[in-house]
Structure formats: C-alpha cells, structure tokens
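# Compute the structure for the input listed below.
(chains A and B)
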2 protein chains.
Amino acid sequence: MATTLKGQPLDKASLDSMLRRRMFYTPSFEIYGGVAGLYDYGPPGCALQTNIVDVWRKHFILEENMLEVDCTALTPHDVLKTSGHVDKFADWMCKDPKNGEILRADHFVEAILEARLKGDKEARGVKVEEDKEAADANSNNKKKKKTAKSVAVRLDDAVVQEYEEVLAKIDNYDGPELGELIKKYDLKNPETGVLPSDPVAFNLMFQTSIGPSSNLPGYLRPETAQGQFLNFAKLLEFNQSQMPFASASIGKSYRNEISPRAGLLRVREFLMAEIEHFVDPQGGKKHGRFHEVEGVELALLDRATQLSGKTEVRKMTIGQAVRDGVVDNETLGYFLARIHLFLERIGVDMTKARFRQHMGNEMAHYACDCWDAELFTSTGWVECVGCADRSAYDLTVHAKKTGAPLIVREKLETPLAIEEWEIDIEKKKFGPLFKKDAKTVEAALEATTQEQRERLAAALGADGKVTLEVPGVGEGKVELGSEHIKIEFRKRMEHTREYTPNVIEPSFGIGRILYSLIEHNYWSRASDGGDEARGVLSFPPVVAPTKVLLVPLSSNAQLKPAVRTVSQKLRALGVSSRVDDSSASIGKRYSRNDELGTPLGITVDFQTVQDGTITLRDRDSTNQVRAEVDKILEAVKALVDGSKRWADVEAELPKFEGQEVEVAVR
Amino acid sequence: MATTLKGQPLDKASLDSMLRRRMFYTPSFEIYGGVAGLYDYGPPGCALQTNIVDVWRKHFILEENMLEVDCTALTPHDVLKTSGHVDKFADWMCKDPKNGEILRADHFVEAILEARLKGDKEARGVKVEEDKEAADANSNNKKKKKTAKSVAVRLDDAVVQEYEEVLAKIDNYDGPELGELIKKYDLKNPETGVLPSDPVAFNLMFQTSIGPSSNLPGYLRPETAQGQFLNFAKLLEFNQSQMPFASASIGKSYRNEISPRAGLLRVREFLMAEIEHFVDPQGGKKHGRFHEVEGVELALLDRATQLSGKTEVRKMTIGQAVRDGVVDNETLGYFLARIHLFLERIGVDMTKARFRQHMGNEMAHYACDCWDAELFTSTGWVECVGCADRSAYDLTVHAKKTGAPLIVREKLETPLAIEEWEIDIEKKKFGPLFKKDAKTVEAALEATTQEQRERLAAALGADGKVTLEVPGVGEGKVELGSEHIKIEFRKRMEHTREYTPNVIEPSFGIGRILYSLIEHNYWSRASDGGDEARGVLSFPPVVAPTKVLLVPLSSNAQLKPAVRTVSQKLRALGVSSRVDDSSASIGKRYSRNDELGTPLGITVDFQTVQDGTITLRDRDSTNQVRAEVDKILEAVKALVDGSKRWADVEAELPKFEGQEVEVAVR
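Below you'll find the predicted structure:
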C-alpha cells in the first residue's frame, strides 16, 4: 500500500484535489472536455519540472561533459522504418465487439485476473486493503489503468497460483499469447459480458505529412534517441574522435497510447531526457569512473527471479552486482548507480525504488538488455527510467540503409596481421551481367563467411564457376564465373581498427519521475485547531518550485518597503521567491505554501520596521528563527544551496515563537 | 549590406562553413538526405539556445513573477477551429504548371520584382553591391528565400517607382491581389518561363489524429498561446484573482512552411517563448512599471510610413512614442522597451534592430495591432519577436464556444446604477416554437443593440408582435409575439463588473534570434602568420556556450593535476568549462575556441607546477594576464557574471606576453 513521507496511508483523493487546486497540472483543453493522456503543467508543476531538468543537466551532462543536442520531433518515415519503429513499435489492442470499446490487451488481462484474485481473498475473509498491496507487489502493475470490480468468489489454490504466475510475467506475453489467455481463462469485459476480439498490433506513433504536397510521410518521434544516432559521425568529430563519449537530449516525445487513464503516469506527449553513451564493445565495456560508484547499494530484481514467478528484490552494491554477473558490465552498472544517485538527490524516497530487469519478450526491439528504475506509488511500481543496452543495433541499421560510416576508426598501436579469404569483383564484367541487381549480388558476396568463401574458392578453382544464393534476384540463385570474381587467401597488415560502438541508453521519463516525487514527498499535518489535516509537500530546496514565501504580516503600507528590499536581495542571491500580500491570515498563507512545497517562509512585521529583523520559518518543522535581514538571507542561501540543514540554522540563530498562531493586526 | 561585428563585409559562405564545422546546427536527418526546414542543434548551438532561454526566463518570468505553464503541442481540431487557425492560418501558394514546383506567392513576386530592379540598376551602371543593400532596406524582405537572377534591362522611371512601392508593402497583399500582380507584371517563373497558377491558400498546420480509433483529428500547435488562453480561468485563480498578470510558455511550435530555404530563419519546428499579458481594456491599458522604461530609445517604423512606400525608421524614446500615439498604449510600449532591453542584454547589435508595425492585411487574424522586432542579417530584415495586441479575441471566441467563463469579476467600490432595455424570454412558449433553433434565436436576441431593443419594444407594444432577422433560421426571419418575449427599460445596481481581459502578446522566435545573434557577433581576425582570416564569435559571457577553455600547454603528465584542480574549482563556481588536451598547438586550440565563442581561456604550463600561477586569455583582444589560480578564478567569476569587464581585469592583474606565439614544448 502506498504511504506518505511520514508513513501515513496515502489518501490519493486528497492529494489529487490538492494538486488540482494548486495547479501543479491540469487536463489539457479541459474547457473543451479534455483529451485523454494530455496534461498541462501549471506554474508550480512547470517550475518543479524545470528544476528537475536543471539538476539532471548538472548531474549528467555537465558532470561528464556529455554532448547535448536538440533534434526535431518531426521525423520522416524512412528513418523510423529503418529503426524498426514502423514495424515493431506497437501495443496489442482488443476491441469489445459489443460496445466498440478499445482495450489494451495486457492491461485488460491484468485487471480481470487481479479482480478475480481479490474476489478470492474476499471469499477467504482476507482483509482487502492488504490484498491490494499484495497484488501491487506481485504484478509489476505499473501499467495498470483500468481496474475491474471484484466479486467474492473462492478459487482453487492451484488457480490462484496460476494467476499469480501469469501476473508476475504479464509484460512477457505477446499478442497471440494474450489472446490465448483471454480464451483460456474466459476473460469477459465486465462492462458488456462478452469476450474481446483477438489482439491486434496498434502502432503507437502519431503520423503526419511534411511539406505542401503531402508527399513526405512522417511521424512524431517516440523517443529522442534516433536524432542522436543519426548525428553520430558529427558528434564523434566534435569530440575530436575520442571514445567513449555520450550525447544527451532533453525534449518532448509522443506515443499514441491506446487508452491512457493514469494521470501523468501514462501520457501521449511527454518530456524525456535521454543519454546515448557510445562505448567500444571490445574489452567488456569497462567504465573509467566505475570505482567512484561501486559502493552504491541498489535494490535489484533480475530477470530469472521474475520468470520463476517471484518479485523479491536483492540489495547489493553495484560493484558486487557486476562481479557476480547480475548486471552485465561496468558501463551499465555505472549508469544504474548514477541514476540511483540522481533520484536520491532530487528527493525520491529510495526505500520505494527498485531496479527491475526486463524479461525477453518485454524488451523493446532494439535492446539486448534493459533495467528499469521503478518507483512505488499509489498505482504500484512505475517505470521511471529505462537503462537499456541497445548494442550496435541502431548505428548498424542506419549505416546499412544510408551508407553513412557510423563507425569509429581507431589507430592500432601495433599493426595487426590479418589472413583471410577476400573476394575481388571484376566490375567490368560483373556490372553488365547483373545490371540493376549488381548491388544486391555484391552485398550477398560480401555477406559470405570465411568458411563459405573457402568453399567457393575451391569450387571456382575446380569448375571455373560457382552458384550463389541471392534471394530476390533471378530465381534466388546466380551463377558466377572466374571472369566475374576472384577469391584468394591473403595476408594484409591492418593499421586501423574499425568498429561500430555499442550504446548504453539511460532514458528518463521526467513526468513520471515528477509525479512519483510528489507522492514520495507528500504528507499531511494535523492542524492546530483540530480541523481537517493540511497537506505538505516536503520537496528538497533544490527542486522546490519556489524557495521562499515572503509574507507581510498585514497590508499596512509601513511594511511594504521592507518587503521590497528583501525581495530584491533574494533576487540578487538568485533565490526564487514569491510575495503573498493577500488579506488571508498568516496561517492560511503558510498553509497554502506548504501545499506548494515552498521550503522557507519569511515574515515581515512591525518589529522589522523598528529593528530590521525578520523571521524565517521551516516548512517541515514549522519552527522559526529571527535575526537581522542579512543574517537570515545568508541562512536562506545556505539552506537553498544545500550547504546547511535547518538544524544548523536553528542552532545558530535565535529561536522565534508565537507567530504561527494567528495574529490579526491591522 | 550585412557586416560583421567589426564592420567588415559579412562573408556568409565562410560563416556557414564555420557553423557547420563547429556543429552549431546541422540539417536534421542529413544522412537520409535531410528534410527542408528541419535542423538539429549540436552542442554549441544547444548550449547557446539554453543560455538565451535562461536569460529570457530571468528577464521576463522571474523579474515580473509571470506564471509559467507547459502545455501540449498536440491540439484537438475543435480548439484551433474556434481560434480561427483552421480557417485562416494559411499562406498563399502557386504551382508552376510546367514543372509542378510549389512557390510561396509573396516570395515569388518579391524575388522577380527585385531581380528586375537589380537588372535596371545594372543597365544604368549603378554598382550592384550597393543595390543589394538598397533592395534589402526597401523591401522588408525578411521572408525572401528564393532569389531570381537579374538581367541588365533598363526600366522606365515610373515602373521603378511602382515596383518599389509594391515591395514596400509586399506583406499587405492577399492571395487574389498577389495573383493580379503576377498577371499585371507578367511574372514568369524563370526556371520554366511560364506564369504560375493563381494563388491558393495552404494551411500551415501539421495534421494528425489522436487515439487508436483515429476519430479525434488534431494538429501540432502553430503557437504556444492557445494553451495559455484555455487555462485563463485557472491561472487567474492561481494568481488570487489579481489583475493584471501574465502567463508565459517556452516550447516547440510547428508550421508546415511551403518551401523553406533560409536555414534557421524559416523552419518547420521551432522553439518559441511567448508571454500573454492579461490587462483590463478600460483605462487606456496603463502599465504600473512604464516609468522604469520610458527613457529607452527605440527605432520605429510605423504603418503609415510603410503604406506611403517608405522605410525610414524614427528614433524616439518609448515615452515619446506613447505620448505621440505612435505606439497605442503603455502596456504595448512597456513590452517593446523590455524586448529591446532583452535583445541588448544577450548581445544583439542594436544598430541592426528596428521595430516595424504590421500593415492591415499583414496581421494575423487574431491581432488588432502588432509590432515586430526585426534584426538585420545577410538575408535582410528578419522578424524575430512579434508584439501583438490580440485584444479580447481569443478569450471571447473560446468562451463563446465552450461556455467557460473566461472573464474577470471585479468588485466595484461604489455600485453602478445601470438603466437599459432588457429582454426576457418566456422559455415555456419560446422553446417549443423554435425547437432546435431556439438557441440561435436567443443568441440573435441577445446580440441586439439598445437602439434595436427600443424599437422592438415599441413595435411589440403597438402590434403585439415583432419580426427579427435571424440568419439560418427559417427564411432568415422569425416572428415573435408578446407571449414569447418581454422587453422592458429597467434600472438595476451592479456590484461587480465583469470583463474579458485584453491580451498583449510578446512572442519570441528563439531560433531566429539565435541565428541573428551569431551574425551580429561574428567577425574575422587576420592571423599573425598572414594566413587566411580566422573566425571569432564575440558572444557576451552570459550566452556563450562555454565560458572557459582550459588548455594544458602540453600532454605532459605533470600538468594533469593542476588541470583537474582548476576544472573542479570552476565547476564549484558554477562556471561551465571544457578541457582541450588534444595534441594541437595552443594557437590552434585557441582558434577553435574563438570559433566556438568561448570568451576566456586558461593555460596551465610548467610554471604552474612551480609557482601555482596560470594565464587567462581574453578572446576578443587575445591579451593575457597571469596570477595565482584563486585570483584568476575570482576574475573569471566577475567576468562571467558581468560585474567586471576585461579592461578592469587587465588593470588589476599582471599582463602576460609571449604564449600566443606557438610554444612547442614536449
């Protein structure tokens, strides 16, 4: 079960109402009825997002001198055809034949099975609130949107176990398998009582066309990565040909989700921050700064554990994980640890974080390994960061399609002697023989292995001709004579080595991180008067939307000059502040700012006019200190840049008591 | 003619080659052949963009407590239908019937007439380089992409004058008028020798569809403004109902330009920064901080001057301009001055800036007045910022369509007595009479003026019935009896005033500003050895992509610890730096960084190891000073935050000479 920062049960409805009231985010186009999966950020959400991105840029880009690029979201069809997205970037969807409702197949299976398990628990008399927690933990249900109502029906123990195993690996089923599960378990849509249609693949990219004659089909990018890959050669040159290096990009991506229903956790337009770290695949993908992070302890849930139907995490240092082979290599491990440190720095509750390895069928088409940083929220575990090993997949397919050399040329210290079978093509005879097919035949020749070449050479020597399979040319075979090709075993010296780098890709969904961060920092404070509890968002200063609330005790004109002075001084210090000079009571104004997550409050009162002192209030403890303006501002600066904590300030400056109780001076 | 920062003729080809070599920006998808109008920013371009946006956020959002929002680019059809963009956001395009080429009509007319004028000057023996400059100044040709070749043919003096007048108001013609100009002046496409087709409107929005069943048509937003308008009621509430206030948004927008050919100046996906300042239309749109800027002097080119066929700017303070009525009101004037100060702050050459007022037909459909901040570049005057008075247009149309109250309710200090004709509808009889048309008839009644109501009341009294024109209902007229409506002259007390705010919208095209800034800060330095000139980008530190280049004199291991220390200290100071430890000579490394616009260079050499001193080099003068690390870093910090200039540093620290000449130590 999700809890608040203080361990209270999380009241999602109160939180949602608070976030809406304070305009953290709001459904886009709401006065037009809204569009599912599209949200706007209001001022505090927008500032929170900007601050998270700012920490991200410092933590990753500046710290490691990554090459930041900003590529277009509009992408022509050919690029995404080559990358595999046109054919494979899809989810499985079913249609309810009765009411036409469109269902995401995996979410549908998940929701119905969970409802049955819940009904079983009810029938067995197990308390349902606990049950919810168990279901959350079991099912990796980060994607569940739709929930089905449970009916108290007791199931066989064997069936319960079967359902739980299915749920533990729900992300591993493809469309036909999901279709089989629907039939096998007779999963009817509760709203109509009928079985949905067989799952069909639905491509998640938004389509458009570029230019006035509508002749260039294109898509909105589903990830920022492709722009980085296409620029690889230029980036390598910019980096003065030094490897390894990373590029990075922060920008919007777009996925036409089938039926988004989970607020910021599943949206159709979202901000991503992606790193493409290019590394030599030889030598075990070591990382030069791995020693700096090897003691960082992570909670890991690996592939094998999940496939055995379990979800227990193992806590271990990343150093240990790489040594034991749980995490494949140092570079992947380095980034997992760096992701952990980033999440910790912005204020994520790390007891609600785990790294989960993808199962085989779950991985994107381009990935050969992938770990997700998942954060626990009221909708279960949410994938917030993916860290994939894309191997050489993308650079290879784009190079093959365009002929661009997306490779690294490395000068060898000692030249390599290479002995191998080489094929020479006699262009003059070869070209006219195959005409338009010449390139295809040439590619087929180049694709032959050393063993094949040895056999071809022998055949060519014996018969003066060979037969080669070339799908798509003639009847799938062509005949070549010694006037067309020559095959010889030769020795040559290589002075440079050419290779296609592998890519490790940490990819951050900023909106999901932002929402999880809100839940992790939310709690409610019993009010003094015994009224309803008041919400607090205890963001660390580094990400808090506004750092300081500035409140004049009353609207008396005498207080205005001091407010203006403090406000200007804060601006000069680079500390964001807001003045609240509304007529509400001090308590109400502080309460509003607790909801906005503002860590510090400064009150200007009549004593300020007399002796130049102001009070400083800590959001989390509501304690206050009082001192001259410059001393307080020095403390503010230290609290905001993280060099001091509130306890330090309280130890240094005189405590102030009394104002939190309402003072109604006019 | 465009010039460099030092007044040299601007060599566009050299600049372009440098920008490409240093990866400021690059055509997107270049290895796939590229797509017109789409560009990616490489590392220096991306950092320059981030820094410009950062200054913008501080100068506008933080300085004035604007409410920043982040809304989606995906926008459903209904929103943009209401806003007028579906019907009116279009350019005029012609097709060449022979080769199928698609031409933007205004650009085509402009290019051909300019070529004829140039040919005339050649025939008269006027030097053509000067001519280019004159044409640029005359034609506001910020949008010109395609240029036509000139042929030396002398024209009548009257014809020359006619052409010049047409060019001065080229932005004021609509499609049919452009079609007439093409026929009147027999403007044939030089590539085919035939007249293009009549201009047709081409909508500039990219279309897509949202959701799996493709039933929700949508567009990519052409501006960020609509999201801000739709959230008006929530923003007003967030601002505790205080007026005036401004929202702001920084994000990508999309326009499917007909045939973009001007690099970053006309692209299909671009970063915008937009402010919507909501102001009470009553009381002359005063601005509370106008006095702070009234002395700022601007170069203004108003509508009347242009319509008279001239292009001379007038220099005057914004205070004077508002007093004289050249600029309509204080709020508009305030933002023009603030825009001027922003451009100046990031390093725009303000002798190459002007504010040009839009002519009637040129304005967007939503604007009632508009001034563009234009910057002069090698392609003429470029519109970089628009400052439009959108009046109450957008809030009114959205409120009307959705019924949402996009208004301000203001409590009146003294209640207002209002006497006027009011119409009551007797719903019981009215509804059944008109059925589905009832709302339309009701709206027509509500739209009647006080004078009309008085006449209707008289008629109703005399005849017991009235006839009302209601287009689209019945035969355009309906008859109403006294059983359906009552019209009375009544007095009532108003305690609140309701009004729809007007909107002043400063809208920034970040990419165009970035490109103009590059041209304005570019110059070439004669190299010491008499080789070819070397490019320099003299960006102010505040926007420079990197602030400090850190170079070890050689790759000797002894220098590494000092480089590491300085690098860490710079990071702690929040100053971005890059180490160049390549094997190139110091001169080459500095030269590379002059091209990247890095204002400062620090050299670590063998003397550093002995006495802890380092040298600091100024990009613009190439002068150097030398002192202990901490003294140098203090100077760096002051130079970067703008509190000192290089001359101050040179006066304080010992001058250093000698290293700029090559030193080849190993």
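# who's in contact with residue A:560?
Contacts for residue A:560 were tallied using C-beta atoms under 8 Å, 6 or more residues apart in numbering or on different chains; they are residue A:552. Using the backbone N, CA and C atoms, a C-beta is placed for each residue, glycine as well.
# Tell me how far it lies from residue A:583.
15 Å (C-beta to C-beta, to the nearest Å).
# In three-state terms, label residue A:459 for me.
Under DSSP: H, G, I helix; E, B strand; the rest coil, the three-state class of residue A:459 is helix.
# tally of neighbours for it?
Neighbour count of residue A:459, defined by other C-beta atoms under 10 Å in any protein chain shown: 14.
# Check residue A:405 too.
13.
# and if you look at residue A:149?
9.
# What of residue A:557?
Residue A:557, neighbours per other C-beta under 10 Å, totals 8.
# Look up phi and psi at residue A:643.
phi -80, psi -20 (degrees, to the nearest 10).
# separation between it and residue A:153?
Remark: distance between residue A:643 and residue A:153 (C-beta to C-beta) = 60 Å.
# Next: residue A:433.
73 Å.
# Compare these two and say which one has the larger neighbour count.
residue A:433 (17 against 10).
# quick one, what contacts that one?
Contacts of residue A:433 (C-beta under 8 Å, 6+ apart): residue A:484.
# same check, this time on residue A:350
Residue A:350 touches A:340, A:343-344, counting by C-beta under 8 Å, 6+ apart.
# now swap in residue A:495 and tell me
A:411-412, A:415 are the contacts of residue A:495 under C-beta under 8 Å, 6+ apart.
# do residue A:534 as well
A:524-525, A:527, A:591, A:594-595.
# so residue A:282 sits right up against residue A:498, yeah?
No: with contact defined as C-beta atoms under 8 Å, residue A:282 and residue A:498 do not form a contacting pair (11.9 Å).
# What count of nearby residues applies to residue A:75?
Residue A:75: 27 surrounding residues under other C-beta under 10 Å.
# What of residue A:471?
Around residue A:471 there are 8 residues (other C-beta under 10 Å).
# quick one: secondary structure of it?
coil.
# do you know how far it is from residue A:441?
Taken as C-beta to C-beta, the span from residue A:471 to residue A:441 is 11 Å.
# what's the answer for residue A:365, then?
From residue A:365 to residue A:441 the distance is 29 Å (C-beta to C-beta).
# Check residue A:313 too.
Taken as C-beta to C-beta, the span from residue A:313 to residue A:441 is 54 Å.
# okay, the two: which has more neighbours?
Between residue A:313 and residue A:441, residue A:441 has the larger neighbour count (other C-beta under 10 Å), namely 21 against 16.
# Listing partners with orientation, what would you give for the lengthiest strand in chain A?
Longest strand of chain A, by residue count under DSSP state E: strand A:408-425. Here strand A:408-425 has these sheet partners by DSSP bridges: strand A:485-499 (antiparallel).
# So which elements touch the helix or strand that the partner strand is followed by?
Moving toward the C-terminus from strand A:485-499, the next helix or strand (DSSP states H and E) is strand A:502-509. On a contact count with 3 or more C-beta pairs under 8 Å, 6 or more residues apart in numbering or on different chains; DSSP states H and E, strand A:502-509 meets helix A:225-230, strand A:269-279, helix A:330-346, strand A:380-391, helix A:393-402.
# surely residue A:526 meets residue A:536?
No: using C-beta under 8 Å, residue A:526 is not in contact with residue A:536, being 11.1 Å away.
# between these two, which one's more packed in?
Set side by side, residue A:526 and residue A:536 show more neighbours around residue A:536, with 24 against 10, by other C-beta under 10 Å.
# For the more buried one, give me its contacts.
A:522-525, A:594-595, A:597, A:619-620.
# secondary structure element for it?
Counting by DSSP H and E, residue A:536 is found in strand A:534-537.
# What's the mean pLDDT across the helix or strand that that strand is followed by?
Next in sequence after strand A:534-537, counting helices and strands by DSSP H and E, comes strand A:548-552. For strand A:548-552, mean pLDDT is 95.
# can you check stretch A:156-164 too?
If you average the pLDDT over stretch A:156-164, you get 91.
# List the buried residues in it.
Within stretch A:156-164, the residues that count as buried by 16 or more other C-beta atoms under 10 Å in any protein chain shown are A:160, A:162-164.
# go on, stretch A:55-62?
When burial is assessed from 16+ other C-beta under 10 Å, stretch A:55-62 yields the following buried residues: A:55-57, A:59-61.
# Report the contact partners of the residue in the stretch 351-500 of chain A that chain B sits nearest to.
Going by C-beta to the nearest C-beta, chain B is nearest to residue A:404 of the stretch 351-500 of chain A, at 3.9 Å. Counting by C-beta under 8 Å, 6+ apart, residue A:404 makes contact with A:233, A:398, B:31.
# Pipe those into CSV and attach neighbour count per row.
Shown next, in CSV, are these (neighbours: other C-beta atoms under 10 Å in any protein chain shown):
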residue, neighbour count
A:233, 17
A:398, 21
B:31, 21
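# Residues of the stretch 351-500 of chain A that sit close to chain B?
A:398, A:401-402, A:404, A:406 (C-beta under 8 Å from any C-beta of the partner chain).
# quick revisit: return the member of the contacts of residue A:404 nearest to residue A:550.
Residue A:550 lies nearest to residue A:233 out of these, by C-beta to C-beta, at 52.0 Å.
# Reduced to three states, what does the closest one come out as?
Assigned with three-state DSSP, residue A:233 falls in the helix class.
# Hmm, residue A:406 and it touching each other?
Yes: Residue A:233 is within contact range of residue A:406, at 6.0 Å (criterion: C-beta under 8 Å).
# Show me whatever sits in contact with both of the two.
Shared contacts of residue A:233 and residue A:406, defined by C-beta under 8 Å, 6+ apart, comprise residue B:31.
# Contact partners for residue A:521?
Applying C-beta under 8 Å, 6+ apart, the residues contacting residue A:521 are A:5, A:347, A:349, A:537-539, A:597.
# Looking at those, point me to the pair that's furthest apart.
Going by C-beta to C-beta, the pair spanning these furthest: A:349 and A:597, at 14.9 Å.
# okay, the two: which has more neighbours?
A side-by-side neighbour count of residue A:349 and residue A:597, using other C-beta under 10 Å, places residue A:597 first with 28 against 18.
# contacting residues around that one?
Contacts of residue A:597 (C-beta under 8 Å, 6+ apart): A:44, A:48, A:521, A:536-539, A:544-545, A:619.
# Could you rerun that using 10 Å?
A:22, A:24, A:44, A:47-48, A:347, A:517-518, A:521-522, A:535-541, A:543-546, A:619 (C-beta atoms under 10 Å, 6 or more residues apart in numbering or on different chains).
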